[in-house]
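>>> Fold the following.
(2 chains)
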2 protein chains.
Amino acid sequence: MVKGLVSSGQLEFINGGMCMHDEAATHYVDMIDQTTLGHRFIEREFGRTPRIGWQIDPFGHSAVQAYLLSAQVGFDALFFSRIDYQDMAKRKNDKTLEIIWRGSQSLGSSADIFTGVLPNGYEPPRGFYFEVNDDAHIVQDDINLFDYNVEERVNDFVEAAMAQANITRTNHIMWTMGTDFKYQYATTWFRQLDKLIHYVNMDGRVNALYSTPSIYVDAKHASNESWPLKTEDFFPYADREGQYWTGYFTSRPALKGYVRTLSAYYLAARQLEFLRGRKSLGLTTDALADALAIAQHHDAVTGTEQQHVANDYVKRLSIGYSEAEKLVASALGCLSESSSGGDCQNPSAKFEQCPLLNISYCPPSEVHISQGTSLVILVYNPLGWKRDDVIRIPVTSESVIVRDSEGRDIESQLVPVSNVSLGIRNFYVKAYLGMSPSATPKFWLVFPVSVAPLGFTTYFVVSSTDQSGYSAVVSDEYTSQGSENSPIEVGQGNLKLTFSEGKLSHYMNTRSLVNQSIQQSYGYYTGDEWSYQGSGAYVFLPDSMHHVQSTDQVGPIPIDDKTGKEVVTQITTNINNNKTFHTDSNGRDFIRRIRDYRSDWDLEVNQPISGNYYPINLGIFMEDNSTEMSVLVDRPVGGSSVLDGQLELMLHRRLLRDDGKGVAEALNEMVYLEYEHAGLTIQGKFYLRIDPSGDGAKWRRSIGQEMYSPLLLAFSKENEVEWTKSHVPIFTAMDPSYSLPDNVAIVTLEELEDGSVILRLAHLYELGEDKDFSVMTKVYLRKLFPRRKISKVKEMNLSANQERSEMEKKRLLWKIESSSSATVQQMRGGPIEPFNLVVELGPMEIRTFVITFSYTTIHTVIDPCIGKPC
Amino acid sequence: MVKGLVSSGQLEFINGGMCMHDEAATHYVDMIDQTTLGHRFIEREFGRTPRIGWQIDPFGHSAVQAYLLSAQVGFDALFFSRIDYQDMAKRKNDKTLEIIWRGSQSLGSSADIFTGVLPNGYEPPRGFYFEVNDDAHIVQDDINLFDYNVEERVNDFVEAAMAQANITRTNHIMWTMGTDFKYQYATTWFRQLDKLIHYVNMDGRVNALYSTPSIYVDAKHASNESWPLKTEDFFPYADREGQYWTGYFTSRPALKGYVRTLSAYYLAARQLEFLRGRKSLGLTTDALADALAIAQHHDAVTGTEQQHVANDYVKRLSIGYSEAEKLVASALGCLSESSSGGDCQNPSAKFEQCPLLNISYCPPSEVHISQGTSLVILVYNPLGWKRDDVIRIPVTSESVIVRDSEGRDIESQLVPVSNVSLGIRNFYVKAYLGMSPSATPKFWLVFPVSVAPLGFTTYFVVSSTDQSGYSAVVSDEYTSQGSENSPIEVGQGNLKLTFSEGKLSHYMNTRSLVNQSIQQSYGYYTGDEWSYQGSGAYVFLPDSMHHVQSTDQVGPIPIDDKTGKEVVTQITTNINNNKTFHTDSNGRDFIRRIRDYRSDWDLEVNQPISGNYYPINLGIFMEDNSTEMSVLVDRPVGGSSVLDGQLELMLHRRLLRDDGKGVAEALNEMVYLEYEHAGLTIQGKFYLRIDPSGDGAKWRRSIGQEMYSPLLLAFSKENEVEWTKSHVPIFTAMDPSYSLPDNVAIVTLEELEDGSVILRLAHLYELGEDKDFSVMTKVYLRKLFPRRKISKVKEMNLSANQERSEMEKKRLLWKIESSSSATVQQMRGGPIEPFNLVVELGPMEIRTFVITFSYTTIHTVIDPCIGKPC
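Model (predicted):
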């Protein structure tokens, strides 16, 4: 039946992802993945490619949504409804609800999208709701009945149509005849719509028809009208005076962190699924794909769902992770087993992983390392570059030696695990695993690692009591926090950090010559308890700010005073940023923000804090003529520069009231043990860097990529010598001589059911962002897949449901009205040559390919020069 | 589709009237009419006769419902749910929810009915609601989903079934899988019920099936169980402590009065429709039949609907009346026209009627009677007896003579119309007709009339200024109300009434030797404003009683003090009635009531006023060894004997709070004019009589019948002599020598579409009620229809959807458990003999016939002895 309706045009898929994703708390890779999953399903099942973006409910709209997830997937238009109420009023007045949105400075007009802002939310006109229990007047056309009302209802209809026509260009308008929770019994609607259409057309003043957004868009396009140009984005969103929906940028930071962690794990797991061979594994990443896809929903990762719904999302994510974890263990087992040549059903090494390493819990590393055995640590690097990093794992013994795969000792340190960390570890392990940890780690064992692109390196931890070698050094502990008069200085190399009274007070880099006085502090906002409206899952509505002493964890946020709190950190410098700062759009482009200012209208400022908050997925930075300061984040948060020289991030929120926007529950996250409960604690990371002005982009892009895709650790236990005999200690999937350029990342590497592969490559820099890297760059596909024969490369649209050439041919072109739209310089890669198979990428370009290989047995080649000086 | 479902047994009609009628504020004639209308429709359309009475929602249950509207229509069982909470608790404990109910002392076991009290209202078990928006757990049988719950839901089901089985005899129980406002989208229910039945039967502990009440009843009957006997009725109803639903006995007295008035009008109009010939009229009583039928609903005549719903009922009644009024005028025109012989398309006389005579408004009688013309008044008597009565009409002149059809002057009086009456008249005419009356009547013209059974007499009012004759006498007016020391005595004949300070103080009948000191007073109840629960449309919850001076109208009830009021009249004597009084059941049987006592359980008294209120449709009486006092009412009211010697009637209610039982609106009836509004005023009548003990029944039954069926007046204007030349002034449909016995009434005389006639005859006395009239009586059908040839007489069940013999053959017989059920003497008429066509009726018997006539032109014969001494 569905196929019949689709084929007759009565049912049309729009948007077509697995969900209507959020645009503030989502990472562009997750947005692409979930859209691809939906689009390919629709293509496979119905042979259709959606033409319309339909983001009617998300609470603000991102540039990435416009230029990447709309234009680059081949949509002809994008519709939504929630924009700032001041913006909405002006657009109604100016007839600028329908526009051409140019979301990317780098891609310019090649990624323009026709965009319609629905003037009435996604609601029917008032009085035209026909759900089972609605009390709208049905169309009574039986003249014998008392409630006969055909003329009245036709007049209502025409009046509502004219009201909308008066704020709309061209003589077409569109009504969304439904809203949340409707069509539970569709007949109640269609019976009335049939009658309305019949009688309204008989009346003749307007012509009404069952339509779809694509029919509407075609009619708009056929009008040959010119449309205003819009750049940047639609953040932040206020639905009425003072009510900025900027709280959800941070709401449920644990859920947001889990989604981000699994997003990266999913990316790595798909690489390993491909490297090992999808078909032979018997395990898939499909459950994780599904769970991650729906977690991008605008009431999922946003934190704006009720607690039991959040629990359900997390449960699905956890199940998806468990399946992927087995796949990863099995793939690493096979890839590391010498005898299998990468192809095995049942690898001998049973790798364990540590998803709770964030709370210092890692059972396989907390074991007693006895004589003759060693802890085997396999470190996988999902990036396309060779990578040097430092890892830390909890251990129970202070007598350990770390060795690399050549048997050489590695310098390592033992950092005591603090009592605070142990407290959190014990509480959360009990709460979430239902058991107490069997061991208590004394130390973090910290050591440097080096791993090839798309490859792994193996390390061994052995006991120093039965072997000689370069034992791990136990760190000194200082109990002083430093005082104003005797601060503590940290850093033996170029970078020196000074702490005073437990807080960072100075930042000096002797190499870059940065020398900046700095203060990092914590505080919290509280709302006006007496106001009818306060902060909630969506809304951030602060009344006053309170400063507190530094803590090394955020939470449990105390509520003994019956007051909800929103915890922030502020980093204060003397950088003169003149109201200006930059935040990323879904982890990709940086957009300039100016305090108390909007480029589209004359802003009436009534909330100087929350009205200047923006979503942050990658980072935030500010600069003056000499200096720029960047902060990168490990999960989505809200942030701003509320004062010149200062950056602010909201870290956690615990609230006692609902904000009346739909959750109907206070955002008060709790953790329950049998006889105890507590507010949820969050442990996270942000990275801070001060550079000479203009030098920050390299750090933000490369460290940002490493933060998004951390090294993947897998643990086993075996005698070091035995292991080395039967295993491949070092591996890379790429040509050992090859590394991706510094400005390119592999966003997707995924084997499809037919054995072909989706490869998605992303240029990481914007036009003009960096003098070295904001240039056209190249990727050599043959070096990416040295062990396979590429038989076919098809370039696809972003969501891989059609060939790019088809998409370009079909897409509608729109006229822009104003002369202000000077042609922007575009730098985009040319078509891929079948002979050399080199992919060119211009700044911010993402290109998607489906690659078919001639069949080749996967075969591991060890290059002795990878992972060590050679 | 419906016919298919009916024929497969998936859909079964139960109850089958036009509505689920109320049982407290309904008259038995209306109950029969609405049931007949529905039953005959179902029989005609589907060939089915409903087997089950289904009164699940009405707020108390009447004896008439049991023995007449259930047993006598041929039902095998009756189900309902609302009984006193104390009664319910005891029945659950005793397993006496299912009983044999013997509602009639007179008919005894011949009118027993198997009765089931549903233990859980008409609700599904808790947790088994599956409406679109319900949050019950659906049966999730997809084992892959998180909410899989088959075992859990099966356990819930079995647990709920066992809980009900524990209070039920036999191993069958019935669940009502729905309730108010459900099945708006039936699929949501059936999908779950299908699954529940499937999995519960697979489990095997209980066996579940889609059933109907008749399948359930057959299973109960097959069990061969014996059941407890129950007599009397189920009034009053309290759903919890102190919350007696006895307010609705009086709620909306204007609506109740209108229904009662139109009930009688409908009875008379059907007689005239028949006498004139249904087919030739081109007008029908069908709209009135429909409107009256649905007005019997338990949220219609009860007064427990919202105001706009009450308005809708009244609008339908008014439309029905207007159509019937034209039919009546046309029929009377034809029947009175000499030349037509009763058969005419367009009678020359245009009769007008005065539905607003109750507010002194009658335009045809308020005309100036000029020389040579006269006001022609045709008086129709719908009773089967010759009737002498007094009528009163408003006139504008004081110079009038009343003459009978022989030209003889009739004694008449002119009673001044009071200013209070004129005020009401003007306000209500403006409010409801949207215009001011064009004339102002000075007097009520009052004169005696005499009319043959099922016949009419014509009277003429002429001007005394141009004709000589016995002019109407203008009454003297007394302004004194009488005082304690100098009371006023009224009555020149046997009856003398004494008034002191405006109130009745003494009652003396020199013929019956009754000599009774008496006090009639008014007062009102108010509730406890601070209680969470108060009086409302359903509930009567008094806190204190306030006495007031007599008024001659009830309303507008003042609410300046923000307090709702319930107005009562109390009639106080020194009759020693020892807590005992009698109220009728739907205007038929009288049931003995004992204050603060219930025969079925040991009553815990917590509301000594409202817990002793009972519904009154015909009357209430009390007695001691010497005296009995009766009060008859013109519409349903609530009443009681709260103190010995006293009877109390609730006349009107104006309340400011909702009682939370479902109306969701305060019962505060208002009348609106353009710049004015006021609380609704009620004008009504009650009749009071004091008799020697044992003598009251004759008066109650005969005057009760006259109150129910008043004379019908029609007005025209023509020269008296001219009229007499061309018209039949006196008419009876019956054999002029015949009158029905004093103990029989024609309840229905209605021509069907095929020309046959429904005749329904009712014995008016109970067994033992009156020494003369509580006997077997006879009706001679040939004398009832002297001008037609009766070709066939079929005796039917009460609702005339099957022959009585078939009904008797099919009906289930039930075993009564206790030996206390001594066989009650029954006196019922025997089969009708085809030769003599005489109908026998035992006490309280109602018999229903469909009579077929050989075609006969209707022909009017004037008997000179009817309507005058001869």
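>>> switch to C-alpha atoms for all contacts and neighbour counts from now on
Fine.
>>> Could you list the low-pLDDT ranges of the stretch 751-870 of chain A?
A:819-825, A:855-870 (pLDDT under 70).
>>> What segments of it are strands?
Secondary structure of the stretch 751-870 of chain A (DSSP state E, counting those that start in this stretch): strands located at A:757-763, A:777-780, A:789-796, A:815-816, A:838-841, A:846-854.
>>> Show me the one of these that comes nearest residue A:362.
Nearest of the strands of the stretch 751-870 of chain A to residue A:362, taken as CA to CA: strand A:757-763 at 33.2 Å.
>>> helices or strands up against that closest one?
On a contact count with 3 or more CA pairs under 8 Å, 6 or more residues apart in numbering or on different chains; DSSP states H and E, strand A:757-763 meets strand A:744-751, strand A:846-854.
>>> Redo the ones you listed as CSV? Include distance to chain B and mean neighbour count.
Shown next, in CSV, are those (distance: least, CA to the nearest CA, whole Å; neighbours: other CA atoms under 10 Å in any protein chain shown):
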stretch, distance to chain B, mean neighbour count
strand A:744-751, 26, 23
strand A:846-854, 33, 20
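>>> closest one to residue B:208 among those strands?
If you check each of the helices and strands packed on strand A:757-763 against residue B:208 by CA to CA, strand A:744-751 wins as the nearest, at 51.2 Å.
>>> what sits against the residue nearest to residue A:541 when sequence neighbours are not counted?
Computed as CA to CA, 6 or more residues apart in numbering or on different chains, the closest residue to residue A:541 that is not its neighbour in sequence is residue A:535, at 4.8 Å. Applying CA atoms under 8 Å, 6 or more residues apart in numbering or on different chains to residue A:535 gives the contacts A:247, A:527, A:541, A:542, A:655, A:657, A:658, A:659.
>>> The second one touches residue A:541, doesn't it?
Yes. Between residue A:527 and residue A:541 a contact is recorded at 6.2 Å, counting by CA atoms under 8 Å.
>>> I would like the residues contacting the helix or strand containing residue A:375, please.
Using DSSP states H and E, residue A:375 sits within strand A:374-381. Contact partners of strand A:374-381, identified using CA under 8 Å, 6+ apart, comprise A:365, A:369, A:387, A:451-463, A:710-720.
>>> just checking, which of the residues you listed belong to strands?
A:387, A:451, A:455-463, A:712-718 (DSSP state E).
>>> avg pLDDT for stretch A:144-154?
Stretch A:144-154 shows a mean pLDDT of 95.
>>> picking up where we left off before, kindly reformat the strands of the stretch 751-870 of chain A as CSV containing distance to residue B:20.
Below are the strands of the stretch 751-870 of chain A laid out as CSV (distance: least, CA to CA, whole Å):
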stretch, distance to residue B:20
strand A:757-763, 68
strand A:777-780, 81
strand A:789-796, 67
strand A:815-816, 67
strand A:838-841, 77
strand A:846-854, 69
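>>> how near is the closest residue to residue A:148 other than its chain neighbours to residue A:178?
Nearest non-adjacent residue to residue A:148, counting by CA to CA, 6+ apart: residue A:140, 4.6 Å away. In this view, residue A:140 and residue A:178 are 20 Å apart by CA to CA, to the nearest Å.
>>> any idea which element the residue of chain A at minimum distance from chain B lies in?
Distance from chain B to each residue of chain A (CA to the nearest CA) is smallest for residue A:185, at 6.3 Å. Assigned by DSSP H and E, residue A:185 falls within no helix or strand.
>>> so what does the strand or helix carrying residue A:113 touch, helix or strand wise?
Assigned by DSSP H and E, residue A:113 belongs to strand A:112-117. Helices and strands touching strand A:112-117, by 3+ CA pairs under 8 Å, 6+ apart, are strand A:77-80, strand A:98-102.
>>> Which residue ranges make up the domains of chain A?
A:1-234, A:354-477+A:709-733, A:488-706, A:744-853 (the TED database).
>>> For chain A, which residues are neighbours of chain B?
Counting by CA under 8 Å from any CA of the partner chain, chain A comes close to chain B at A:132, A:184, A:185.
>>> dump the residue contacts of the last one.
It refers to residue A:185. Contacts of residue A:185 (CA under 8 Å, 6+ apart): A:131, A:132, B:132, B:185.
>>> A strand includes the first one, no?
To tie it back to what came earlier, the one meant is residue A:131. No. Secondary structure of residue A:131 (DSSP: H, G, I helix; E, B strand; the rest coil): coil, not part of a strand.
>>> my guess is it contacts residue A:182, does it?
Yes. Here residue A:131 reaches residue A:182: they are 6.1 Å apart, a contact under CA under 8 Å.
>>> For those two, indicate the residue with more neighbours.
Higher neighbour count among residue A:131 and residue A:182: residue A:131, with 19 against 14, using other CA atoms under 10 Å in any protein chain shown.
>>> can you pull the contacts of the more buried one?
Contacts of residue A:131 by CA under 8 Å, 6+ apart are A:182, A:183, A:184, A:185, A:186, A:188, A:189.
>>> Which of those residues are buried? Put it as a PyMOL command.
To isolate the buried subset of those in PyMOL, counting by 16 or more other CA atoms under 10 Å in any protein chain shown, use the following:
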select buried, chain A and resi 183+185+188+189
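>>> Could you count how many residues lie near the closest residue to residue A:719 other than its chain neighbours?
What sits nearest to residue A:719 in space, not counting adjacent residues and going by CA to CA, 6+ apart, is residue A:373, at 4.1 Å. Neighbourhood size, residue A:373 [other CA under 10 Å]: 19.
>>> Check what contacts stretch A:467-486 and list those residues.
If you take CA under 8 Å, 6+ apart as the criterion, stretch A:467-486 is touched by A:398-402, A:409-416, A:445, A:464, A:487-488, A:499-503.
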